[in-house]
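Participant: my questions are about this predicted structure, shown below with the sequence.
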Amino acid sequence: MLVGLHTFSEQPSILACSQVFLIFVEMHRTMILNPVGAFLYWQMNYHSEHHMFPAVPFFNLRKLHILLQKDGAPRPNNGLLDTWKEIRMIQRKQRDTPGLAFDAFSRGKEPVYVPQNANDY
């Protein structure tokens, strides 16, 4: 059961994220969870922040997230359901048009896709 919970909750932080960009906010996903969900997720719902600043203790990741949001970081997903909906949307687009990556900075607006191959820029 714990493996299933881990897969259901951990994979959204990286599934369908761009692997081209060397920007952690593009390669990982942050999602806002309620206190119970955040506890079950080991406070790693601030996954982008965790990868950008691995030395920051988990209990300060929320504060870091707030600072980064003021500095223009992509909008986070609102919970697991919102995250899985986005992942499904991205996977459908990638199935129909292989080689595209979702631009996390377009989250909350009209989705933007970019070539996944760095040589396509």
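Facilitator: Yep, that arrived. Numbers count the residues shown, from 1 in each chain.

Participant: what are the buried residues along whichever strand or helix holds Arg88?
Facilitator: Per DSSP states H and E, Arg88 falls inside helix 79-96. Buried residues in helix 79-96, counted by 16 or more other C-beta atoms under 10 Å: Gly79, Leu80, Asp82, Thr83, Trp84, Glu86, Ile87, Ile90, Lys93, Gln94. The way it works is simple: take the backbone N, C-alpha and C, and place the C-beta from them, glycine included.

Participant: residues contacting the first one?
Facilitator: With contact taken as C-beta atoms under 8 Å, 6 or more residues apart in numbering, Gly79 is in contact with Met31, Ile32, Leu33, Asn34, Gly37.

Participant: again, only this time at 6 Å
Facilitator: If a contact means C-beta atoms under 6 Å, 6 or more residues apart in numbering, then Gly79 has no contacts.

Participant: and the pLDDT at it?
Facilitator: Confidence at Gly79, expressed as pLDDT, is 90.

Participant: that older thread, adjacent strands (with direction) for the helix or strand following the helix holding Arg88?
Facilitator: Scanning forward in sequence from helix 79-96 by DSSP H and E, the next helix or strand is strand 100-102. Counting by DSSP bridges, the strands paired with strand 100-102 are strand 113-115 (antiparallel).

Participant: so what touches the strand it pairs with?
Facilitator: Residues outside strand 113-115 that contact it (C-beta under 6 Å, 6+ apart): Leu100, Ala101, Phe102, Asp103.

Participant: dump those residues to a markdown table, plus neighbour count, distance to Ile66 and pLDDT.
Facilitator: Below are these laid out as a markdown table (neighbours: other C-beta atoms under 10 Å; distance: C-beta to C-beta, whole Å; pLDDT from 0 to 100):
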| residue | neighbour count | distance to Ile66 | pLDDT |
| --- | --- | --- | --- |
| Leu100 | 18 | 31 | 82 |
| Ala101 | 22 | 27 | 79 |
| Phe102 | 24 | 24 | 83 |
| Asp103 | 16 | 22 | 82 |
